[in-house]
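[1] kindly return the folded structure for what I paste below:
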Amino acid sequence: MYAIVEIAGQQMKVEKGRKIYVHRLENAEGETVVFNKVLLVDDEGAVKVGTPVVDGASVTVTVLEHVKGDKVLVFKKKRRKSYQKMNGHRQYLTKVQIEEVIG
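    The predicted structure follows:
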C-alpha cells in the first residue's frame with residue numbers, strides 16, 4: 001500500500017516503514033504528525049484518486065531529526081567584464097518515518 005501525500009508544499013510517494021526527507025517541519029523530534037492532504041491511495045491495485053483529496057485518508061509520520069542538506073554552489077560569471085560571484089546554500093530538512101497509511 002502506498003499513497004501520494006502533500007507535505008510542506010511537495011507531493012511525495014510514501015509507504016509504511018520508509019524514511020524520507022521533507023522541508024523543515026516545526027514539530028519537535030519524536031513527535032507524531034498526521035497529514036490529511038492525501039491525493040491518491042493504492043491498496044494492492046485498488047486505486048482511489050481524490051478530488052482533490054481522498055476522503056478519510058491520512059498518513060501518520062514520526063519526526064526523527066532535523067538536518068541540513070548538501071551544499072549547493074551557485075556561480076555567476078560574465079565573460080570579459082571581471083564579474084564573478086560565488087554563493088552557497090544549504091536547505092533545512094526534516095527526516096521523518098512513515099508509521100501508518102490509512103486509506
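[2] can I get the CA coordinates of stretch 88-103 in PDB?
    Provided in PDB are the C-alpha atoms of stretch 88-103 (Å, rounded to 0.1, in the frame of the first residue of the first chain):
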ATOM      1  CA  GLY A  88      26.300  28.700  -1.400                       C
ATOM      2  CA  HIS A  89      23.000  27.300   0.100                       C
ATOM      3  CA  ARG A  90      22.100  24.500   2.400                       C
ATOM      4  CA  GLN A  91      18.400  23.600   2.700                       C
ATOM      5  CA  TYR A  92      16.900  22.800   6.200                       C
ATOM      6  CA  LEU A  93      15.300  19.400   6.100                       C
ATOM      7  CA  THR A  94      13.400  17.100   8.500                       C
ATOM      8  CA  LYS A  95      13.800  13.300   8.400                       C
ATOM      9  CA  VAL A  96      10.500  11.500   9.000                       C
ATOM     10  CA  GLN A  97       9.500   7.900   9.200                       C
ATOM     11  CA  ILE A  98       6.100   6.800   7.800                       C
ATOM     12  CA  GLU A  99       4.300   4.900  10.600                       C
ATOM     13  CA  GLU A 100       0.800   4.300   9.000                       C
ATOM     14  CA  VAL A 101      -1.100   4.900   5.800                       C
ATOM     15  CA  ILE A 102      -4.900   4.900   6.200                       C
ATOM     16  CA  GLY A 103      -6.800   4.800   3.000                       C
END
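[3] just the mean pLDDT for that stretch, thanks.
    Average pLDDT, stretch 88-103: 95.
[4] over to stretch 39-46?
    Here stretch 39-46 scores 92 as its mean pLDDT.
[5] the helix or strand where residue 84 lies packs against which elements?
    If you go by DSSP states H and E, residue 84 is part of strand 83-102. Here strand 83-102 touches strand 10-15, strand 19-23, strand 58-78, going by 3 or more Cβ pairs under 8 Å, 6 or more residues apart in numbering; DSSP states H and E. (Glycine included, C-beta is placed from N, CA and C.)
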